[in-house]
Every structure is written in structure tokens, then in C-alpha cells.
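Student: Sharing a sequence plus its predicted fold:
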Amino acid sequence: HPGGVRHIQKGKAKQWHCPGLKRIECASANESQVMIALSGGEVIYFELDPVSGNLTESAKCDMGADVCCLDVGTIPRGRSRSL
């Protein structure tokens, strides 16, 4: 949904809300990573903790312009993340 990220695991939902009046313009995810682009060009990268199930904000980048697409990609065999 455009107002945040919702992760549902074992019947429990955990939520991250967009800051201020910003909205999610596009997003991409795989088994353990989520990347979103907010209105105004801010890109935020999250990693999923396999033990707690929490999404942790790991990095931010301001692109300086709106972002129209993202692709996190699949996780290669033997690695824990695609990036």
C-alpha cells in the first residue's frame, strides 16, 4: 500500500510507515530484501531479520528526482542478499 510496508509472517503483521506526507511510488522485494522509492526520489532499502521477522531499514539514498522503477533481483545461490 502507498502509505508504508506491511510484513505478515505467521499470522502477525509488522508495519513501517512512510515519513510525513510521502508515499511509496514503486517497490521491489525478494525473500529477505525490500526496496522502496518514495515520492520526491528517496530510496530506502530494508533487510528482513530471519530470526525476529523484523524489517530493518539498512540504507537510504536521495536520487534527487522521482524514481519510476526498482528491481532488487533474486538471491544467487550461496549468498544471503542480491545486492
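Tutor: Happy to help now that I have it.

Student: all strands for this protein, in order.
Tutor: Assigned by DSSP state E, the strands in the chain fall at 4-9, 12-17, 24-29, 33-38, 42-48, 55-62.

Student: ranking the ones you listed by burial, who's on top?
Tutor: Most buried of the strands of the chain by mean neighbour count (mean count of other Cβ atoms under 10 Å) is strand 33-38; its value is a mean of 22. All C-beta atoms are positioned from the backbone trio N, CA, C, and that covers glycine.

Student: Show me where this structure dips below the pLDDT cut-off.
Tutor: Across the chain, the ranges flagged by pLDDT under 70 are 80, 82-83.

Student: how about 50 then?
Tutor: Under the criterion pLDDT under 50, no range of the chain is flagged.

Student: contacting residues for S39?
Tutor: 22-23, 25, 66 (Cβ atoms under 8 Å, 6 or more residues apart in numbering).

Student: from those, which would you call buried?
Tutor: The neighbour-count test (16 or more other Cβ atoms under 10 Å) marks 22, 25 as buried among these.
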